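Trainee: Provide a 3D model corresponding to the input given below.
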Amino acid sequence: FSGGAADNRVNYRISGNLNRNLGVVPTSDYQRINLTGSSQAQVNKNLKADLSMLYVQSDNNQPFKGDNGPLIGLLLWPQTDKASDFLTAAGTRRRITALGQGAETDNPYFSVNKNIINSKVTRFYPNFGLTFTPFSWGYVKTNIGVDNYTNSNVIARNPESVTGFSNNGILDNAVDVTRNISTQTLFNVNRINITNSLTLSGLVGHSLQDAKSTVNAESGRNFLDPNFVSINNTEVVTRFARTSIAQRRLVSVFGQMQLGWRDYAFLTVTGRNDWTSTIPVERNSFFYPSVSGAFVLSDAVPAIGRFMTAKLRTSYAEVGKDAQPYSYRPFLESKTTTGGGYGYGFTGPNLNLAPEFKRSTEGGFELSAMNDRVGLDATYYSSITKDQIVQNIRGSYGTGFILFNLNGARTRNVGVEVVARAAPIKSRNVSWDITANYDQSKGKVVALPNALPESYVSDTWLY
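Mentor: Prediction:
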């Protein structure tokens, strides 16, 4: 459904979709409902608003895979037996050998009907934006969006199946509730003619990303009723529950400026500063710039432009990256040993953790001639990544921990890429294109050994 006001100052669109796919394996299917809506409004001469929404609900029933999947049972089941009769008259699992219940391969029909893997996802994603245009040469645009979704997973192994027999049934439940907030505000400056030859354009902006995930998981065994899939149907003493929370916040300011000279020479400069919650506060602010230039030689020198198009380009860029949540401090978890309570896990702290940086340099040229039927594109690139964050490096047991997250690697990548193309035949009805690609690159990795430096062991122990 779509419509709007007669003067088109307000318009809207709403759509829906229902989809159901039946799998090749019996009982497997996938259902999804999509609802989308959007609306735009011209509030006044300078202000425009837009609102959009996405709602998704899906239900996915899957078969087990690998050694415990129904295909193994289908492969081994005798052709002389009717496999679809997988239950006895009493409603229990029908077996065809004298092997123990945990030794005979599951009937494929019993596997897909009694062992369950199900995933349900509900997602809601609203987004709101405003565009304010107070000047002819620039505007301000701000957006805020929230991505909320809940993912519920169930894995059940029937007490009579090979996988669940030894525990009289196993049930695993997990619910992941995730909320991602993102905002961005831009002040954009349109192209301005400073002089007859020099032009300027650019932008400055601010963004925020805040993500939080809460996973509630539970497991139970020893079913009271073999055909009732519920955590309440498991023995109380076998139930285990755990909640895991992960949160990350990234705040950024950034800017870009582009200068143009007579539409054949361009210089672009950018800069960005991030503040992250996953790096110790002493180093959680990091800045990374970039600069690039382009020169259209065929426009600058008309004598060359009569025969070919030629462009030169070069750039230098830095990119910073933070760590995963809770990478530099240990978190508490429940313990079943030494009387229970809370304690640290295997991963220890690293208060010296720093962001990783990648520095890249690139240069090259593009040539084309004969109405773009022949072309050559050559690029030289070099990139170095320093202080790469390496997860789960084993450390000294004397620290009281086993694993650490370290700035533990440096990588280098250098190469040359050349692409040559030609179109020997090019007409209204027939065309023939030829492309040749050459890529030469090499890399080098220097990583820290498994053992930590003595100074780091000492710092960790004092902590």
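
Trainee: C-alpha only now, for contacts and for neighbours.
Mentor: Fine.

Trainee: Tyr149 contacts Phe124, correct?
Mentor: Yes. With contact defined as CA atoms under 8 Å, Tyr149 reaches Phe124; the gap is 6.2 Å.

Trainee: the stretch 251-400 of the chain: strands as residue ranges?
Mentor: Per DSSP state E, counting those that start in this stretch, the stretch 251-400 of the chain carries strands over the ranges 265-276, 285-296, 308-321, 332-334, 342-344, 356-369, 374-394.

Trainee: any idea which of those strands scores lowest on pLDDT?
Mentor: Note on the strands of the stretch 251-400 of the chain: strand 332-334 shows the lowest mean pLDDT, a mean of 81.

Trainee: who's in contact with that strand?
Mentor: Gly340, Gly341, Tyr342, Gly343, Tyr344, Gly345 (CA atoms under 8 Å, 6 or more residues apart in numbering).

Trainee: can you do 10 Å?
Mentor: With CA atoms under 10 Å, 6 or more residues apart in numbering as the test, strand 332-334 has contacts from Arg242, Thr243, Ser244, Gly340, Gly341, Tyr342, Gly343, Tyr344, Gly345.

Trainee: go on, stretch 97-104?
Mentor: Contacts to stretch 97-104, defined as CA under 10 Å, 6+ apart, come from residues 73, 93, 95-96, 105, 159-166.

Trainee: so what sits against both of Tyr149 and Phe124?
Mentor: With CA under 10 Å, 6+ apart, Tyr149 and Phe124 have common neighbours Tyr55, Val56, Gln57, Arg179.

Trainee: confirm that the last one sits in a strand.
Mentor: Yes. The assignment for Arg179 by DSSP: H, G, I helix; E, B strand; the rest coil puts it in a strand.

Trainee: list the residues that contact it.
Mentor: Arg179 neighbours (CA under 10 Å, 6+ apart): 123-125, 146-150, 210-214, 247.

Trainee: and it, what are its bridge partners?
Mentor: Beta bridges link Arg179 to Asn148, Lys212, judged by DSSP bridges.

Trainee: so how far is Gln209 from it?
Mentor: Using CA to CA, to the nearest Å, Arg179 is found at 11 Å from Gln209.

Trainee: list residues touching both of the two?
Mentor: Common contacts of Arg179 and Gln209, defined by CA under 10 Å, 6+ apart, comprise Val146.

Trainee: how about the nearest residue to Thr88, chain neighbours excluded?
Mentor: Residue nearest to Thr88 in three dimensions, not counting chain neighbours: Arg94, with 5.2 Å by CA to CA, 6 or more residues apart in numbering.

Trainee: ok, that neighbour touching Lys82?
Mentor: No. Counting by CA atoms under 10 Å, Arg94 sits too far from Lys82 to count as a contact (11.1 Å).

Trainee: and the angle from the helix or strand containing Ala217 to strand 265-276?
Mentor: Per DSSP states H and E: Ala217 is located in strand 198-221. Per axes from the mean of the first three to the mean of the last three CA atoms, to 10 degrees, the angle that strand 198-221 makes with strand 265-276 is 30 degrees.

Trainee: packing partners for strand 198-221?
Mentor: strand 138-157, strand 170-193, strand 240-261, strand 265-276 (3 or more CA pairs under 10 Å, 6 or more residues apart in numbering; DSSP states H and E).

Trainee: so how far is Val390 from the spatially closest residue to Gly320 that is not a sequence neighbour?
Mentor: Closest residue to Gly320 apart from its sequence neighbours, by CA to CA, 6+ apart: Phe357 at 4.6 Å. According to CA to CA, Phe357 stands 13 Å off from Val390.

Trainee: when the two are compared, which one has more neighbours?
Mentor: Taking other CA atoms under 10 Å, Phe357 and Val390 do not tie; Phe357 has more neighbours (21 against 15).

Trainee: so in terms of bridging, what pairs with the more buried one?
Mentor: Judged by DSSP bridges, the bridge partners of Phe357 are Gly320, Lys386.

Trainee: got a list of what it touches?
Mentor: Phe357 neighbours (CA under 10 Å, 6+ apart): 286-288, 318-322, 384-389, 410.

Trainee: ok, Val177 next?
Mentor: Contacts of Val177 by CA under 10 Å, 6+ apart are 121-123, 148-152, 212-216, 245.

Trainee: quick check, pLDDT for it.
Mentor: On the pLDDT scale, Val177 gets 97.

Trainee: quick check: closest non-adjacent residue to it.
Mentor: In space, and not counting its chain neighbours, Val177 is closest to Thr150: 4.6 Å by CA to CA, 6+ apart.
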